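[1] Kindly return the folded structure for what I paste below:
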Amino acid sequence: MAAWRERVGQLDGLRVGLVWAGNQTMSGDRRRSVPLERFSELADLPGVSFVSLQKGPGASQSPPPGLSMHDWTDDLHDFGETAALIEALDLVIAVDTGVAHLAGALGRPVWLLNRFDRCWRWQLDRDDSPWYPSLRQFRQSQPGDWTSVLRNVRAELEARSLARPVRP
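    Prediction:
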């Protein structure tokens, strides 16, 4: 954890981990994954440093222009190492994957990008989770609408980064 704190500590602003894709071989996964190019809504966001937590085939996607992302995933070989990196971050933003559950189980702030026809675990008419008190949901209002979800995330990130005190 100390090594990750030191590495992540070099980043400016709010330090946010991103996971945009689940296991492409699972049934229904395409509904819960967001192509990385859709994260253009978060491009050029001042006061935020993004860190990839994405593993698997989704990691080969290139970020859209203006979205700068630090990628140290070659150093993540198991959930223990991923947990250590998450502990060094201010926030994790993830689709419904094991990383979202890991961040929630660690009590770290996590924003879940959730599909319209969400999994039963996330319940109806709630933006929080009884399973993970540190989790907040950003849901599609209609099937396939990731644009409004990411616009809402951007607005919240802007508010957080402006409210964040400057580090020495």
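
[2] Quick one: residues in contact with stretch 145-162.
    Around stretch 145-162, the neighbours that count as contacts under Cβ atoms under 8 Å, 6 or more residues apart in numbering are 13-14, 16, 34, 38-39, 41-42, 45-48, 91, 93, 111, 113, 116, 138-141. Just so you know, the C-beta spots here come from the backbone N, C-alpha and C atoms, and that holds for glycine as well.

[3] Counting neighbours, which of the residues you listed end up buried?
    13-14, 16, 34, 38-39, 41-42, 45, 48, 91, 93, 111, 113, 138-140 (16 or more other Cβ atoms under 10 Å).

[4] Select from the residues you listed every entry located in strands.
    Residues of the buried ones among the contacts of stretch 145-162 located in strands (DSSP state E): 14, 16, 48, 91, 93, 111, 113, 138-139.

[5] Where does confidence bottom out across those?
    Model confidence across those bottoms out at Arg139, which has 90.

[6] Surely it touches Asp125?
    No - between Arg139 and Asp125 there is no contact under Cβ atoms under 8 Å: 10.0 Å.

[7] residues near Val95, how many?
    23 (other Cβ atoms under 10 Å).

[8] For Val95, give me its contacts.
    Contacts of Val95 by Cβ under 8 Å, 6+ apart are 19-22, 32-34, 112-114.

[9] switch the cut-off to 10 Å
    Counting by Cβ atoms under 10 Å, 6 or more residues apart in numbering, Val95 makes contact with 18-22, 29, 31-34, 54, 58, 112-115, 146.

[10] Tell me, what's the model's pLDDT at it?
    On the pLDDT scale, Val95 gets 93.

[11] what about it, distance to Trp72?
    20 Å (Cβ to Cβ, to the nearest Å).

[12] cool, and Asp78?
    On the measure of Cβ to Cβ, Asp78 and Trp72 end up 14 Å apart.

[13] what's the answer for Glu158, then?
    Glu158 is 25 Å from Trp72, by Cβ to Cβ.

[14] now Glu87
    14 Å.
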